[in-house]
Each structure stands twice: as C-alpha cells, then as structure tokens.
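Colleague: Pasting the sequence and the predicted model now:
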Amino acid sequence: MSVRKPDLSVNLGFLKLRNPVLVASGTFGYGLEFAPFIDLDRLGGIVVKGLYFHPRPGNPPPRLAESPSGLINSIGLQGIGVKAFCEKILPQFEKTRAPLIVNVCGETDDEYAAVIDFLNKQERIAAFELNISCPNVKKNGLCPALSAEATFSLVRLARRTSIRPIVTKLSPNVTNIVEIAKAAEEAGSDAVSLVNTFLALAVDVETRRPRLANVFGGLSGPAIKPLALRMVYQVASAVKIPVIGMGGIMSGRDALEFLIVGARAVEVGTANLINPDATIRIIQEIEDYCREKKIMKVEDIVGTLKID
Ligand SMILES: Cc1cc2nc3c(=O)[nH]c(=O)nc-3n(C[C@H](O)[C@H](O)[C@H](O)COP(=O)(O)O)c2cc1C
C-alpha cells in the first residue's frame, strides 16, 4: 500500500518554506560553496554568512577550537561586504529557487541600516536576519542583543529601512532572553531566530594560553542543544511572531525537538562543517518520522510539547 508523502512545508507568514530546514549563517559560506555537494533547492532556505557594509578580514588565527561535542569559533565576522555580494554572489543564484536570507551585521545601528538599504532592491533576497550580536563600536563594544532597549531601537530602524521581512537573531548570552525577544517583536520584527553561539573560552594547558587568538569565542554544536531548546521553548511561549530555532541540530530528531517546543523552522549550523549533506539527511529523517507517526503535515508538530 502506498503511503501519501507528508507535507513538509511550513508557513512563516511572510515566507513559505518547502521544508523547515534552513542552513545557519556562517556555516554554509554564501551557499554556492556547497553546490558541489548538495542540491541547494532541497533546502528550506539558505542564510548566508554575515555581511557588514565593507569587506572585513575577520580575526587572526587560530579561530577554531574543538571542545567535547562542540566547536568554539572566533571568525570575527569575516566577509566580502555588500557590493561584492551583489556583484559576485547574487547573480549565481539566478537558477536556485531556495529562499535566500541575508544575515546583516553592523558596527553601529547606521551600518545595519546601510546594509539593508543597499540590499533592499535585490529581489533574490527573501528576508534579512539581523545579527544583533555584533559589537557596537560607539557603545563600548556592547552588542545590541544584550539589552532590550538597544534591541528595540535597532530592530525599529531595520524595520523602517527594510522593504523585506526582518528576522531578529537573538543571543543566548543574556539573563532573560524572553525580554529581548519581546523587544524585537514590539519593534516590528517579523520573526525571531535563536540561538547564536554561547560566549566561551578554551585553554591550552601546555602553553597556558587561550586556544583562540581572540581569547573568547562562541560555542556551537551538540553541547548547546539543551540550552538552546530551553530558550526556544521560553521564547515561543511568549511571542506571537514565528520562531526559528537552532543550536546543536545534528539529526532529524534534534530538529523535531525544536519544532515540538514551538519553533516553526530550524537552522542547522555546525553539522554542515562535519558533513556537507547533513541538512539533506535531516530533512529525510523528519519525513521518515512523519511517515512513521502518520503525521500528514509537519506543521502539526509545532508547539505540541506535552507538559502535565
Ligand atoms: C564558524 C561559524 C561561523 C558563524 N558565523 C555566524 C555569522 O556570520 N552570523 C551569525 O548570525 N551567526 C553565525 N554563527 C552562528 C550560527 O549561525 C548558529 O547560530 C550557531 O552556530 C548555533 O547553531 P549550531 O549549533 O547548529 O552551529 C556562526 C557559527 C559558526 C560555527
């Protein structure tokens, strides 16, 4: 007996995805680097590496340190800048259908707005993901993600500047992530995504030096999944806008955990660095689960955590 194929599409309101699996910013280059390994059109969406207005070299090496079940990075948001992105990268996406989301960075609120303004007219861009974890040069290096007020004013500016949907990407390095998510929602964000990496430190006991040239880095990978899940659950329970969850997703079941606690879609990061086709396997495993449980629409799983 043939079983009907489960419907994996999810609706973010401003954007319909063919399945809930996107790739997370910074772990998938500008997308095209992965084209030799996977069919990009099978992805729910592609979030490209963070873009500042001008090109940036990033931090000096070493920039990566492995830890048990995790990866600590201090790439320092290396990037090619908006001009090269429009000239060299975007034209290559003409034949790809997967929605492109640009991760927007800035050293000041004005720079975020300038990046959005420059990219606004590019029809190939489906939405902007605001990386509010960038250090602000005018505010003692503090990033907007750490304060509800700073988040509110940055998101409001981005919302007013952008003609495309805004997804605000939250940092887990805060005491009360719900407060920050609500500030983003109030300022007009169309969705929130979480979490970015956890501030971390690794030490080489032979040299007694930090293992990263930048001293601190951001922890990602399976080690952070339970922390990320808790935060996604808290945020999804508190806001009305769609939530995109991420943090340590390596398998279809990991992704399903995020959907069950309330995420409408997920982003897969570090897993791409281990297996370039990790996302394709994850999509297949979600489909297999739906078939096995006779779930006809993956959206029916969203926010179904049972708590007595
Ligand atoms: C090497 C590397 C580079 C990253 N670069 C960015 C970036 O440019 N912008 C951003 O918002 N997040 C960036 N992140 C964070 C990821 O998008 C993601 O939020 C985080 O890694 C958690 O997901 P994961 O555990 O699946 O990797 C980066 C992560 C890694 C590992």
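Modeller: Right, received. Where do you want to start?

Colleague: which residues sit in contact with the closest residue to the ligand within the chain?
Modeller: Closest residue of the chain to the ligand, C-beta to the nearest ligand atom: Gly26 (1.8 Å). Bear in mind the C-beta positions are built from the backbone N, C-alpha and C, glycine included. When the contact criterion is C-beta atoms under 8 Å, 6 or more residues apart in numbering, the partners of Gly26 are 49-50, 73, 75, 77, 103, 269.

Colleague: Which of these fall in strands?
Modeller: Among these, DSSP state E puts 49-50, 73, 103 in strands.

Colleague: Who does whichever helix or strand Thr168 is part of pair with, and is each partner parallel or antiparallel?
Modeller: According to DSSP states H and E, Thr168 maps onto strand 166-169. Here strand 166-169 has these sheet partners by DSSP bridges: strand 125-131 (parallel), strand 191-194 (parallel).

Colleague: in the helix or strand just after the last one, what's buried?
Modeller: Along the chain past strand 191-194, the next helix or strand (assigned with DSSP H and E) turns out to be strand 198-201. Using 16 or more other C-beta atoms under 10 Å as the test for burial, strand 198-201 gives 198, 200.

Colleague: can you list the residues of the protein near the ligand?
Modeller: 24-27, 49-50, 71, 73, 75, 77, 103, 131, 169, 196-197, 220-221, 224, 246-249, 268-270 (C-beta under 6 Å from any ligand atom).

Colleague: So what sits opposite the closest residue to Leu219 other than its chain neighbours in the bridge?
Modeller: Of all residues not flanking Leu219 in the chain, Ala200 sits nearest, at 3.9 Å (C-beta to C-beta, 6 or more residues apart in numbering). Note on Ala200: beta-bridge partners by DSSP bridges are Gly217.

Colleague: surely Ala200 meets Leu71?
Modeller: No. Applying C-beta atoms under 8 Å, one finds Ala200 not in contact with Leu71, separated by 9.6 Å.

Colleague: Any chance you could list residues touching both of these two?
Modeller: The contact sets of Ala200 and Leu71 overlap at Leu219 (C-beta under 8 Å, 6+ apart).

Colleague: pLDDT at the nearest residue to Lys5 once chain neighbours are set aside, what is it?
Modeller: Closest residue in space to Lys5, ignoring its immediate chain neighbours: Glu287 at 7.5 Å, by C-beta to C-beta, 6+ apart. Per-residue pLDDT puts Glu287 at 98.

Colleague: Residues touching the helix or strand where Glu287 lies, excluding its own?
Modeller: Using DSSP H and E, Glu287 falls within helix 278-293. In this structure, residues lying in contact with helix 278-293 by C-beta under 8 Å, 6+ apart are 3, 5-6, 8, 19-21, 23, 38-39, 42-44, 249-256, 268, 271-272, 275, 295-296, 298, 301.

Colleague: Quick one, which of these are buried?
Modeller: 6, 8, 19-21, 23, 38, 43-44, 249-252, 254-256, 268, 271-272, 295, 298, 301.

Colleague: Mind checking which of those are in strands?
Modeller: 21, 23, 268.

Colleague: Please name the residues that touch the first one.
Modeller: For Val21, the set of contacting residues under the criterion of C-beta under 8 Å, 6+ apart consists of 43-44, 255, 265-266, 268, 279, 282-283, 286.

Colleague: quick one: stretch 30-48 to chain centroid distance?
Modeller: Offset of stretch 30-48 from its chain centre (C-alpha atoms, centre = their mean, to the nearest Å): 14 Å.

Colleague: May I see the buried residues of it?
Modeller: Buried, per 16+ other C-beta under 10 Å, within stretch 30-48: 30-32, 34, 38, 40, 43-48.

Colleague: who touches it?
Modeller: Contacts of stretch 30-48 (C-beta under 8 Å, 6+ apart): 10, 15, 17-25, 28-29, 49, 80, 85, 89, 92-93, 96-103, 126, 129, 265, 267, 272, 276-277, 279-280, 283.

Colleague: go with 6 Å
Modeller: With contacts defined as C-beta atoms under 6 Å, 6 or more residues apart in numbering, stretch 30-48 is touched by 17, 19-25, 28, 49, 89, 92, 96-103, 129, 276-277, 279-280.

Colleague: ok, back up a step: from Ala65, how far off is the residue nearest to Leu219?
Modeller: Noted for Ala200: a distance of 9 Å to Ala65, by C-beta to C-beta, to the nearest Å.

Colleague: so what sits against both of those two?
Modeller: Common contacts of Ala200 and Ala65 (C-beta under 6 Å, 6+ apart): Ile72.

Colleague: And the helices in the stretch 101-250 of the chain?
Modeller: 109-119, 148-161, 177-186, 225-238 (DSSP state H, counting those that start in this stretch).

Colleague: Show me how far the shortest one is from its chain's centre.
Modeller: It stands for helix 177-186. Mean C-alpha position of helix 177-186 versus that of the full chain (C-alpha atoms, centre = their mean) differs by 17 Å.
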